[in-house]
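Q: The following comprises the amino acid sequence and a computationally predicted model.
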Amino acid sequence: MKRLGIIGVGEIGRALVTGLKEEAGETPEVFLSPRGARTAAELSERYDRVRVCADNQEVADRSEVVIIAVRAQARSEALAGLRIDADKVVVNVMAGVGNDDLRQLLATDAPLVRAIPLPAVRDRRSVTVTCPRHPAVDSLFDRLGGTLPVADEAEFDVFSALTATLTTHYAYLATLTSWATGHGIARDDADRYVRSLFQAVGRTLGDESRSLPQLAAHHETPGGINERVRSTWFDAANSGALGKTLDGLLADLRE
């Protein structure tokens, strides 16, 4: 792929461009929509061969692969009248918007692929789930940390629901910091320590020779303090509540 278009230049659009353009070697020419004008202008000034187009139609006309990254609620207005030829490939990264919905909106015969790129693609360290498999799209995300193609949109929706737990993790860390502050620890010190603690967890996750349950078991001593917090706070009731929340989200995603 030599020409990539992005319609809707928000956080994910910025991460995609950054990840691609800071990779060593030849990178594709990138065409950006004027939506998210400030971010688009910043990226075009920072990187070679990144151009802000006059409108969405110019993005589609100039690109081989077109990423649709507008907010799902704004898709009808943002994509109204857009024509995408059948020889293009469209990547749908709008959360909760299926390919049938997008095809009806665009009235195109172009291949449509759903994807879940995360902000970490900026560092080329994030696996991106795609559906269905497409060589051009898989090649793109392989450059940004890896691709995980899935068989159908029902399976894709499960991964989409998992993605929705990300900010809960940050809120959990913020709660730990607030707890320490309430016990007299300076906020900056608590924040620094919690970040350090869980950055180490992130590095450990890179060890794929051990399953997640094995990693948990290897980090606690029977009767020790890690086991105490896990078994008394994250008990069967809390685990079940999390599963019930995800089931409800999955049902909504599939409507």
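A: Received the coordinates, thanks.

Q: all contacts plus neighbour counts: C-alpha atoms, from now on.
A: OK.

Q: end-to-end on stretch 59-76?
A: 17 Å (CA to CA, to the nearest Å).

Q: can you give me the strands in the stretch 1-150 of the chain?
A: Counting by DSSP state E, counting those that start in this stretch, one finds strands in the stretch 1-150 of the chain at the ranges 3-7, 29-32, 50-52, 65-68, 89-92, 112-116, 128-131, 147-149.

Q: Who are the packing partners of the fifth one?
A: Using 3 or more CA pairs under 8 Å, 6 or more residues apart in numbering; DSSP states H and E as the contact test, the elements touching strand 89-92 are strand 65-68, strand 112-116.

Q: ok so, going back, pipe the strands of the stretch 1-150 of the chain into TSV and attach distance to residue 223, mean neighbour count and mean pLDDT per row.
A: Formatted as TSV, the strands of the stretch 1-150 of the chain follow (distance: least, CA to CA, whole Å; neighbours: other CA atoms under 10 Å; pLDDT from 0 to 100):
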stretch	distance to residue 223	mean neighbour count	mean pLDDT
strand 3-7	53	25	97
strand 29-32	55	26	97
strand 50-52	57	22	96
strand 65-68	51	25	98
strand 89-92	48	24	98
strand 112-116	40	24	97
strand 128-131	39	24	97
strand 147-149	38	19	97
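
Q: quick one: pLDDT of the residue nearest to residue 81 when sequence neighbours are not counted?
A: Excluding the flanking residues, the one nearest residue 81 by CA to CA, 6 or more residues apart in numbering is residue 106, at 7.7 Å. Here, the pLDDT recorded for residue 106 equals 95.

Q: Would you mind measuring from residue 106 to residue 92?
A: 12 Å.

Q: Likewise for residue 149?
A: The spacing between residue 149 and residue 92, counted by CA to CA, is 14 Å.

Q: In contact with the spatially closest residue to residue 134 that is not a sequence neighbour, which residues?
A: Nearest in space to residue 134, with sequence neighbours left out and distances taken as CA to CA, 6+ apart, is residue 113 at 7.3 Å. Each residue near residue 113 by CA atoms under 8 Å, 6 or more residues apart in numbering is listed here: 89-92, 99, 130-134, 137.

Q: Dump those to JSON lines, plus distance to residue 163.
A: Listed next are those as JSON lines, based on distance: CA to CA, whole Å:
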{"residue": "89", "distance to residue 163": "24"}
{"residue": "90", "distance to residue 163": "21"}
{"residue": "91", "distance to residue 163": "18"}
{"residue": "92", "distance to residue 163": "16"}
{"residue": "99", "distance to residue 163": "19"}
{"residue": "130", "distance to residue 163": "13"}
{"residue": "131", "distance to residue 163": "15"}
{"residue": "132", "distance to residue 163": "18"}
{"residue": "133", "distance to residue 163": "20"}
{"residue": "134", "distance to residue 163": "22"}
{"residue": "137", "distance to residue 163": "20"}
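
Q: now for those residues, which pair is the farthest apart?
A: 99 and 137 (14.9 Å; CA to CA).

Q: More neighbours: these two, which one.
A: Taking other CA atoms under 10 Å, residue 99 and residue 137 do not tie; residue 137 has more neighbours (24 against 20).

Q: before we move on, the earlier item: please convert the helices and strands packed on strand 89-92 to CSV, extending it with distance to residue 77.
A: Listed next are those as CSV, based on distance: least, CA to CA, whole Å:
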stretch, distance to residue 77
strand 65-68, 13
strand 112-116, 20
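
Q: wait, which of those strands is closest to residue 161?
A: Residue 161 lies closest, by CA to CA, to one member of the helices and strands packed on strand 89-92: strand 112-116, at 10.7 Å.

Q: The stretch 51-200 of the chain: helices as residue ranges?
A: 56-62, 75-78, 99-106, 135-142, 153-163, 166-182, 187-204 (DSSP state H, counting those that start in this stretch).
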